[in-house]
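Chemist: Have a look; sequence and predicted model below, questions after that.
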Amino acid sequence: MTTLDEARPSRGADLARLAVTVVLLGYILTKVDLGAFAAEVRAVALPWLGLAALAQFVGHLLNAWRTGFLLRKADTHLSFGSVLATNFVGVFFNALLPGAVGGDFMRFVDFARATPTRSIAAATLLVERYLGLFSLLPIAAFALLARPDVLGFHPLILPSFAVAIALFAVTGYLSDLGRLGRATAWARPAGDAVGRVRPIAWLLARLDVAGRFGRVYDAIALFKGLPDALSGTFALSCVSRVVWTYAAYAVGRAVGVEMHWIDYFLIVPLIELIRMLPITQGGVGLREGAFILYMAPYGVPREAALAVSLLSYGIFLANSLVGAVIYGLRRRPAP
């Protein structure tokens, strides 16, 4: 199985990603009133911002619990503190490095020392990442069921769901049903139709989507005899996503955004799907543009939406400093 170190992106791709990040963020900044944006930040309600920081930290704790749970299912028993420390180091390198898998690579190096084989370490991280991705759509779907009136004024919701569902269809098209069985069989007919569209087929080939999904399915194959591992990881991913989304809601309250809390559970998972596109560093620029676009139909000014996005990311960066401290202590020579 191709491991995470073999999947490391090239320096050229890193530089291209940084260039896109700078251009996109620069464009967004030209479209907002920087004075009004600064006023939004100065007027932030610190208690709500502190609650957002606490929620993000709890999200990190849940992610470590999820990682440890999956490792235990693979017969690798690490203490919660050890997994949490490694995860924080990964968060730090995700924030620091221009590559898409910098943090996961650092986690892989740590976990590979503890697991029976490198493949198990890689499989654990890949399964964790992709089940986390697939937990986004159900959360948004439940929020839409609770707030169906949003469809009457928000033009992006239905197209966003269509694209997200198409992602599952492509997954079905690329899947080896012998390995995944019924889990993706429902998506196979739609995926076949998608794969026959020549421009889409060309794009899938250029992005090596088949190879990327192949690595994921190889990873899942290691856990195919452990359905409770996959279901448990998916459930923990959903809980983690709920907590992270609440953190975004708390930042919105800190900025003074008047939106129903359920609406955050509708738009934030969709924004997260956009942020994960591997074309900017850490989703910077994509996330800010998406917050502006998805909040606009609720009457939220661009400056307030940008403040929600950047303050949320700022809290994430502050949490990543925990990983920097842990990494520094690990590298310090023993007395």
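Modeler: Okay, I see it.
Chemist: which element is the residue nearest to Gly289 when sequence neighbours are not counted on?
Modeler: Using CB to CB, 6 or more residues apart in numbering and skipping the chain neighbours, the partner closest in space to Gly289 is Ile28 (5.6 Å). Backbone N, C-alpha and C define where each C-beta goes, glycine included. Taking DSSP states H and E as the definition, Ile28 sits inside helix 11-30.
Chemist: Residues contacting that helix, please?
Modeler: 98-100, 278-282, 284-286, 288-289, 292, 306 (CB atoms under 8 Å, 6 or more residues apart in numbering).
Chemist: any idea which of those is least confident?
Modeler: Least confident of the contacts of helix 11-30 in the model: Ala100, at 48.
Chemist: As a check, name the ranges of all strands in the stretch 51-200 of the chain.
Modeler: In the stretch 51-200 of the chain, no segments count as strands under DSSP state E, counting those that start in this stretch.
Chemist: Show me the shaky parts of it.
Modeler: 97-101, 168-200 (pLDDT under 70).
Chemist: show me what contacts Phe88?
Modeler: Applying CB under 8 Å, 6+ apart, the residues contacting Phe88 are 60, 319-320, 322-323, 326.
Chemist: okay, now the closest residue in space to it that isn't next to it in sequence: neighbour count?
Modeler: With sequence-adjacent residues excluded and distances taken as CB to CB, 6+ apart, Phe88 is closest to Gly323, at 3.7 Å. Gly323 has 24 neighbours, counted by other CB atoms under 10 Å.
Chemist: Mind jotting down where the helices sit in the stretch 51-200 of the chain?
Modeler: Assigned by DSSP state H, counting those that start in this stretch, the stretch 51-200 of the chain shows helices spanning 80-96, 102-114, 118-134, 136-146, 157-174, 177-180, 182-185, 188-195, 198-206.
Chemist: before we move on, the earlier item: what angle do the helix holding Ile28 and helix 102-114 make?
Modeler: Computed by axes from the mean of the first three to the mean of the last three CA atoms, to 10 degrees, the angle separating helix 11-30 from helix 102-114 equals 140 degrees.
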